[in-house]
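Asks: coords please:
(one chain, ligands or ions: 2)
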Amino acid sequence: MNPKLYLPIAATLEKVVEETHNIKTFFLTPSSPLAFLAGQFVELTVPGVGEAPFTPSSSPAISDRLEITIMRAGTVTERLHALAPGARIGIRGPLGQPYPLDLFQGKEILIAGGGVGLAPLRALLFALFEDIGKYKKIIVRYGARSPEDIVYRQAVEKAWNKADALDVMTTVDKGNAFWTGHTGVVTSILDKNKLKINPAAAVAVVCGPPIMMKFTTLKLLEIGFDPDAIYLSMEKNMSCGVGKCGHCRLGPYYACKEGPVFTYRQIMDLPKIWE
Ligand SMILES: Cc1cc2nc3c(=O)[nH]c(=O)nc-3n(C[C@H](O)[C@H](O)[C@H](O)COP(=O)(O)OP(=O)(O)OC[C@H]3O[C@@H](n4cnc5c(N)ncnc54)[C@H](O)[C@@H]3O)c2cc1C
Ligand code: FES
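Replies: Ligands and ions are numbered 1, 2, ... in the order given. Just a heads-up that it's a prediction; the model follows:
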């Protein structure tokens, strides 16, 4: 066994950006460059507390500084949220399989994100931007609980919306007095005619909470996507992250090793995939 699989390197927390009341983006400088591909994940260690898996949200073209967007959920994330710039944590990876960008070439790409699930999709967007001419069209559909829960707000509402190559639309489950955008769950902005997409020549990439992934997948099938063309980030509970402990078992797969990115075809017949 390669002991390095388990050995974190040190990383310094340079900056923290508060995205929402429970989500922050952490800017980390690893002690040596950490190259990853969009969709792969890393394990972050808070010394004396524990480890948890996260997908970098920054550009895979940059390996000497990583951005990781983290929602406060329990023990490790609570402690990460309490850290201030200058703190040192551990990082191990990259782990798992990336999005197969070579299979996306020449296609229309529909990216559907929910909540903090936009994090890995942001890294994917950066990777697509590197070679934008290779893709026919990029459509982003993002859903958040409320306007206050939108992550990367500047980018989602301004920069991405202005990019010619991108068609971005955001919806919130519940608006507020200032919200003028769409209200409804993310599937309500996945109308085939309004998307102007040809499912036969497209791929869809989905990341979000399990309930959002489930209903988005069903909607994509309804509008004509093939199960092979739907890519899902399956964020199962993980421990070792390297295919040894079995925590992340998904039928015949270890989500940490063969995933976290799977096509719907790969997992559609397995029980309880949305739990
Ligand atoms: C491959 C991968 C990539 C991820 N990327 C991100 C990311 O970019 N940003 C982000 O905010 N989160 C991400 N997550 C989820 C993140 O790993 C969990 O929120 C984190 O492990 C919680 O750790 P904790 O110690 O704070 O909470 P814990 O104290 O361990 O748990 C808090 C609660 O959350 C549940 N829980 C723990 N892990 C998960 C999980 N993976 N899925 C569902 N429920 C869980 C527990 O059962 C418990 O109820 C990712 C998960 C995976 C597997
Ligand atoms: S997390 Fe240990 S096998 Fe996947």
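Asks: what residues does the stretch 151-275 of the chain put near ligand 1?
Replies: 235-238, 260 (C-beta under 6 Å from any ligand atom). Every residue, glycine included, has its C-beta placed from N, CA and C.
Asks: can you rerun that using 8 Å?
Replies: 210, 233-238, 248, 255-256, 259-260 (C-beta under 8 Å from any ligand atom).
Asks: now list the buried members of those.
Replies: With neighbours counted using 16 or more other C-beta atoms under 10 Å, these contain these buried positions: 233-236, 238, 248, 255-256, 259-260.
Asks: tabulate these (JSON lines), appending secondary structure and pLDDT.
Replies: What follows is these, written out as JSON lines (DSSP: H, G, I helix; E, B strand; the rest coil; pLDDT from 0 to 100):
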{"residue": "233", "secondary structure": "strand", "pLDDT": "95"}
{"residue": "234", "secondary structure": "coil", "pLDDT": "93"}
{"residue": "235", "secondary structure": "coil", "pLDDT": "86"}
{"residue": "236", "secondary structure": "coil", "pLDDT": "84"}
{"residue": "238", "secondary structure": "coil", "pLDDT": "90"}
{"residue": "248", "secondary structure": "coil", "pLDDT": "95"}
{"residue": "255", "secondary structure": "coil", "pLDDT": "96"}
{"residue": "256", "secondary structure": "coil", "pLDDT": "96"}
{"residue": "259", "secondary structure": "coil", "pLDDT": "94"}
{"residue": "260", "secondary structure": "strand", "pLDDT": "96"}
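Asks: buried ones in the host helix or strand of residue 216?
Replies: When elements are assigned from DSSP states H and E, residue 216 belongs to helix 210-222. Along helix 210-222, the positions that meet the burial threshold by neighbour count (16+ other C-beta under 10 Å) are 212-217, 219-221.
Asks: out of those residues, the closest to ligand 1 would be?
Replies: Ranked by distance to ligand 1 (C-beta to the nearest ligand atom), the buried residues of helix 210-222 are led by residue 213 at 11.4 Å.
Asks: any idea of the pLDDT on the closest residue to ligand 1 within the chain?
Replies: Sorted by distance to ligand 1 under C-beta to the nearest ligand atom, the residues of the chain start with residue 74, at 2.1 Å. Confidence per residue is given as pLDDT, and for residue 74 that number is 95.
Asks: please apply the same query to residue 21.
Replies: What the model reports as pLDDT for residue 21 is 95.
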